[in-house]
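S.K.: could you look at this predicted model? Sequence included:
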Amino acid sequence: MQVLRLSRFLGWFSIGLGLLQILYGRDLARTIGMRRHTGLIRAFGVREVANGVAILGSPASAPLLMTRVAGDAMDLALLASTPVYGPRERANAQWAIAAVAGVTLLDILCAARLSTEDDGELPGLPVYWD
């Protein structure tokens, strides 16, 4: 079942992203114009790592993927409310928003597929992972 491969990928992605946020939180904050929020970025990194480990422990769990969606919503809210100080930081924040939105879509699709028994329950979604 391909959806389990996607779920595992998202678990590993979460761990990698979380470690990046924990180890390079100050650099990330500076890059997107959030110099005062280094601690928050690192806390979000801890959340990402914990969520990734949980997903790898139970890759068929739709609720765990939905917790990623909730985390993505928090990330998007923070990025959208970021006071940007220059054109470079503004462009970087826009790229970050686009990247988080793309991963959010994958999280939603994966969670929707995991939460159904039958492809007939997903009339608008293509069957990519049977």
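M.R.: Thanks, I have it. Numbering: from 1, shown residues only.
S.K.: so how far is stretch 76-88 off the chain centroid?
M.R.: 18 Å (CA atoms, centre = their mean, to the nearest Å).
S.K.: all helices for the protein, in order.
M.R.: Remark: helices assigned in the chain by DSSP state H are 2-23, 25-31, 38-57, 62-80, 87-114.
S.K.: quick one: distance of the last one to the chain centre.
M.R.: Same thing as helix 87-114. With CA atoms, centre = their mean, you get 7 Å for helix 87-114.
S.K.: that helix - contacts with which helices or strands?
M.R.: helix 2-23, helix 62-80 (3 or more CB pairs under 8 Å, 6 or more residues apart in numbering; DSSP states H and E). For the C-beta atoms, the positions are set from N, CA and C on the backbone; glycine is no exception.
S.K.: so where's the protein uncertain?
M.R.: Residues of the chain that meet the criterion pLDDT under 70 lie in 1, 84, 117-130.
S.K.: nearest the middle, which residue of it would you pick?
M.R.: D72 (4.7 Å; CA atoms, centre = their mean).
S.K.: ok, the nearest residue to that one once chain neighbours are set aside to A98 distance?
M.R.: Closest residue in space to D72, ignoring its immediate chain neighbours: T104 at 4.1 Å, by CB to CB, 6 or more residues apart in numbering. The gap separating T104 from A98 is 11 Å, by CB to CB, to the nearest Å.
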